[in-house]
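**Q** Quick one, fold the following:
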Amino acid sequence: MTQKKIKFIQLQIAEAEDNLRRIQERKSKFVEPTSIPLQLEKDEELHQKNLTELKEILYRLKIRFKQSRKSRPIPPLLPYLCDRSEQEYHLAKALQKLNQQAHRPLVCIIHGDDFQSHDMFLERLKQVSLPKLIYPDAGEIAVTDYLLSWPSRLQKIDDLHNQLEKKLADRLLNRSFVSKEEINQFLVGHPGPVIIHTHLLTEDLQQHGSKIIENFFLFWQNWPDILPGKYLFICLFIKYQLPKKIGLNKFCFKFKNKNVSNFIKQLSSSNFYQFDRLICTVLPELDSITRRQTEDWARDKDTRIFWGEERIEDLIIKIRDIFEQWEKEKSSNTIPMEYLARNLTEILQNCSISKEERK
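**A** All right, here's what the predicted structure looks like:
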């Protein structure tokens, strides 16, 4: 409503200025000021007063408009909700297996390059994917997450299990030496699902190679049983580093990334037969986003509610412009999530209007 009023007042101001200009043109034709008709002087004074009032009204409306925009912050996750349906599909399949062996943790590898916004994917798991897949008919379900930091100085791979157990105890119970059973008892005490997430970079795998990943799974292979109706998700995020500078360093990382990716594929194709006390899955690699996926994001319910049903075509045109510019600059028709979300956030900040203004 405010935006419509602003346009209406701007039209009135333009009309008032035009009327005032005409009066002033008529006055200029009189050689002597004393010969100007009194009515013309009164008309000028009336139109000048009207114009001043209209400009004051416009000023107040613009202030109100800016305040209303500031009062509607963008939901932080919204720009990151572009298509990750392939990952959700594989997670749903793993959950079907989990429901048949509900007493086991679900261990999941999530991998992708530097620019795929891994931490926002974790937020998506917490706020969207897991509540929808586990409790489709329920209201808001709290998913609790805990960071399990990777040991910074792992000299011997045989020490990994002890260090992970100590870090878990420190993080969850603020005590260094606690048994797995005590830690597990704390985790199953949560009313909703729990995520334990660990994050690795390519460089973290240099010293011990892919054995680190196997040993991480072995650590959870020996985890105590989970109580019925409880969910424990172990998410291992692996980020492929992509140095920007061209040279030997970039080539080395490309080679190492390929080796890690190949190992993950082999592990997935083996069906994790050696980890028979776990439900394991590898989600498809987090890839860059296509224009079609982004346009579907614009049509999605959450985006339409925030942006406004009647203005979706305008948003889709802006998305087209983003992808055309990106392809012109990068010679690619897909955009990494980090850059895409940054562009979408800017659009939402600059062009969104409040519910009141859409009435």
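**Q** residue boundaries of the helices in the stretch 101-250 of the chain?
**A** For the stretch 101-250 of the chain, applying DSSP state H, counting those that start in this stretch gives helices covering 118-124, 130-134, 160-173, 180-187, 211-221, 248-269.
**Q** Switch these over to JSON lines, and while doing so, append distance to Gln101, mean pLDDT and mean neighbour count to every line.
**A** All C-beta atoms are positioned from the backbone trio N, CA, C, and that covers glycine. Below are the helices of the stretch 101-250 of the chain laid out as JSON lines (distance: least, C-beta to C-beta, whole Å; pLDDT from 0 to 100; neighbours: other C-beta atoms under 10 Å):
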{"stretch": "helix 118-124", "distance to Gln101": "24", "mean pLDDT": "98", "mean neighbour count": "17"}
{"stretch": "helix 130-134", "distance to Gln101": "15", "mean pLDDT": "92", "mean neighbour count": "17"}
{"stretch": "helix 160-173", "distance to Gln101": "22", "mean pLDDT": "93", "mean neighbour count": "17"}
{"stretch": "helix 180-187", "distance to Gln101": "16", "mean pLDDT": "94", "mean neighbour count": "16"}
{"stretch": "helix 211-221", "distance to Gln101": "13", "mean pLDDT": "93", "mean neighbour count": "18"}
{"stretch": "helix 248-269", "distance to Gln101": "19", "mean pLDDT": "87", "mean neighbour count": "14"}
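**Q** Ok, which of the ones you listed comes nearest Thr202?
**A** Closest to Thr202 of these, according to C-beta to C-beta: helix 248-269, at 5.2 Å.
**Q** Can you give the distance of stretch 171-179 from its chain's centre?
**A** 32 Å (C-alpha atoms, centre = their mean, to the nearest Å).
**Q** now swap in stretch 11-25 and tell me
**A** The answer for stretch 11-25 is 49 Å, by C-alpha atoms, centre = their mean.
**Q** Could I get the buried residue list for that stretch?
**A** Gln12, Ile13, Ala16, Asn19, Leu20, Ile23 (16 or more other C-beta atoms under 10 Å).
**Q** Which one of the helices of the stretch 101-250 of the chain lies nearest to Thr345?
**A** Going by C-beta to C-beta, the one of these nearest Thr345 is helix 118-124, 11.4 Å.
**Q** helices or strands up against the closest one?
**A** In terms of contacts (3 or more C-beta pairs under 8 Å, 6 or more residues apart in numbering; DSSP states H and E), helix 118-124 is packed against strand 106-113, strand 194-201, strand 232-240.
**Q** Nearest the middle, which residue of the protein would you pick?
**A** Per C-alpha atoms, centre = their mean, the C-alpha nearest to the average position across the chain is that of Tyr80, at 2.7 Å.
**Q** And that one, its phi and psi?
**A** When read as degrees, to the nearest 10, the backbone of Tyr80 gives phi -100, psi 10.
**Q** returning to that earlier point: can I get the helices of the stretch 101-250 of the chain in a markdown table including distance to Ile109?
**A** As requested, those are exported to a markdown table (distance: least, C-beta to C-beta, whole Å):
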| stretch | distance to Ile109 |
| --- | --- |
| helix 118-124 | 12 |
| helix 130-134 | 16 |
| helix 160-173 | 16 |
| helix 180-187 | 20 |
| helix 211-221 | 8 |
| helix 248-269 | 6 |
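**Q** Can you say which of the ones you listed is nearest to Arg291?
**A** Among the helices of the stretch 101-250 of the chain, the nearest to Arg291 by C-beta to C-beta is helix 118-124 (20.0 Å).
**Q** and Glu182, what is it in contact with?
**A** Ala169, Leu173 (C-beta atoms under 8 Å, 6 or more residues apart in numbering).
**Q** Give me the phi and psi for the closest residue to Ile109 other than its chain neighbours.
**A** Leaving aside its sequence neighbours, Ile109 sits nearest to Val282 (C-beta to C-beta, 6 or more residues apart in numbering; 4.5 Å). Per-residue torsions, Val282: phi -110, psi 120 (degrees, to the nearest 10).
**Q** what about Val282, how many residues close to it?
**A** The burial count assigned to Val282 is 20, neighbours taken as other C-beta atoms under 10 Å.
**Q** same thing with Val107?
**A** 25.
**Q** Settle this for me: it is touching Trp220, isn't it.
**A** Yes: contact criterion C-beta atoms under 8 Å: Val107 and Trp220 qualify, at 5.3 Å.
**Q** and which of the buried residues of stretch 11-25 is nearest Glu203?
**A** Within the buried residues of stretch 11-25, the smallest distance to Glu203 is 61.7 Å, found for Ile13 (C-beta to C-beta).
**Q** in what helix or strand does the closest one lie?
**A** Using DSSP states H and E, Ile13 sits in helix 2-28.
**Q** Could you give the average pLDDT over that helix?
**A** Helix 2-28 shows a mean pLDDT of 87.
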